[in-house]
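Okay, sequence plus prediction incoming.
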Amino acid sequence: MDNQRKIEILEKKLEAYDIDVSLNQSNPEIKVNREQLIEVSHALKKNEAYEILIDVIAVDYLTYGNADWKTNDATHTGYSRAVKPTIIPDIDDTFEDRFAVFYQLLSVTDNQRLTLKVFASESNPPTVPSLIDIWSSADWFEREAFDLMGIHFEGHPDLRRILTDYGFIGHPFRKDFPTNGNLEVVYDEKKGEVVYQPVSISTRPGVPRVIRNQND
């Protein structure tokens, strides 16, 4: 079955939800609102035989479309991304169309993959409903997205960090997270124990500089 036919069939099955189906690489992708996420996910598992959730991916669109790597004039254009000041969102910050979650689904019955995309809420913290009651494999996937991207999965029974250390500040996969971090771990000889302190190393650019003559 060709890709266009797959899209037409899926659109027909989901027409009650007024959802557009597009093609991501060779797999269908559907974008839903947060309010639809639970209902559509139930329908996909029960009626369309997407039995398995194989991955959950969080994306930060903060710098989407910016050309950080342009070095047409042999200068250090592109350094800015690595040396921006630390940004820790205030409680009243909003995130319009910034954080998205992609769910990778698999139908073993039909040998078909599907990407389900939803944007998190604009309020802080960015939030989407948890799908753990539909696919139990969402448990650790959602914890990982929470830890690294700071997305809150409403209804998750045990939403704790899973990869970073105790006391870690911030979410390291966000585009505005400083490349040198916020805290460092050192041994305090006076206290005789390991302690956290504000990071003391200076931020270094993470984008390579082009070194050549202007006329080359």
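Nice, I can see it.

Nearest residue to residue 183 in space, ignoring adjacent ones along the chain?
Computed as CB to CB, 6 or more residues apart in numbering, the closest residue to residue 183 that is not its neighbour in sequence is residue 196, at 4.7 Å. Backbone N, C-alpha and C define where each C-beta goes, glycine included.

After the helix or strand of the chain with the lowest mean pLDDT, which helix or strand is next?
Of all helical and strand segments in the chain, the minimum by mean pLDDT, DSSP states H and E falls on helix 80-83, at a mean of 45. From helix 80-83 onward toward the C-terminus, using DSSP states H and E, the following helix or strand is strand 99-107.

can you list contacts of the very next helix or strand once past that next one?
As assigned by DSSP H and E, the chain's next helix or strand after strand 99-107 is strand 112-119. If you take CB atoms under 8 Å, 6 or more residues apart in numbering as the criterion, strand 112-119 is touched by 6, 10, 24, 27-34, 37, 40-41, 44, 50, 97, 99-107, 128.

Got a quick PyMOL command for the buried subset of those residues?
With 16 or more other CB atoms under 10 Å as the criterion, this PyMOL line picks the buried residues out of those:
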select buried, resi 6+10+28+29+30+31+32+37+40+41+44+50+99+100+101+102+103+104+105+106+107+128
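
secondary structure class for the residue most central in space within the chain?
Nearest residue to the geometric centre of the chain (CA atoms, centre = their mean): residue 58, 1.7 Å. At residue 58 the chain is in strand, as set by DSSP: H, G, I helix; E, B strand; the rest coil.

what sits against it?
Taking CB under 8 Å, 6+ apart as the criterion, residue 58 is in contact with 99-102, 145, 148-149, 151, 173.

how about a cut-off of 10 Å?
Neighbour list for residue 58: 99-102, 120, 126, 128, 141-142, 144-151, 171, 173-174 [criterion: CB atoms under 10 Å, 6 or more residues apart in numbering].

In helices, which of these appear?
Cross-referencing those against helices under DSSP state H gives 141-142, 144-149.

Just the buried residues of these.
Buried subset of these (neighbour count, 16+ other CB under 10 Å): 141-142, 144-149.

which one of the residues you listed sits closest to residue 192?
Closest to residue 192 out of those is residue 147 (30.1 Å), distances taken as CB to CB.

Quick check: closest non-adjacent residue to the closest one.
Per CB to CB, 6+ apart, closest to residue 147 is residue 161, 4.3 Å.

hmm, back to that, tell me which residues of the one helix or strand the residue nearest to residue 183 maps to come out buried.
Per DSSP H and E, residue 196 falls inside strand 193-198. Going by neighbour count (16+ other CB under 10 Å), the buried part of strand 193-198 is residue 196.
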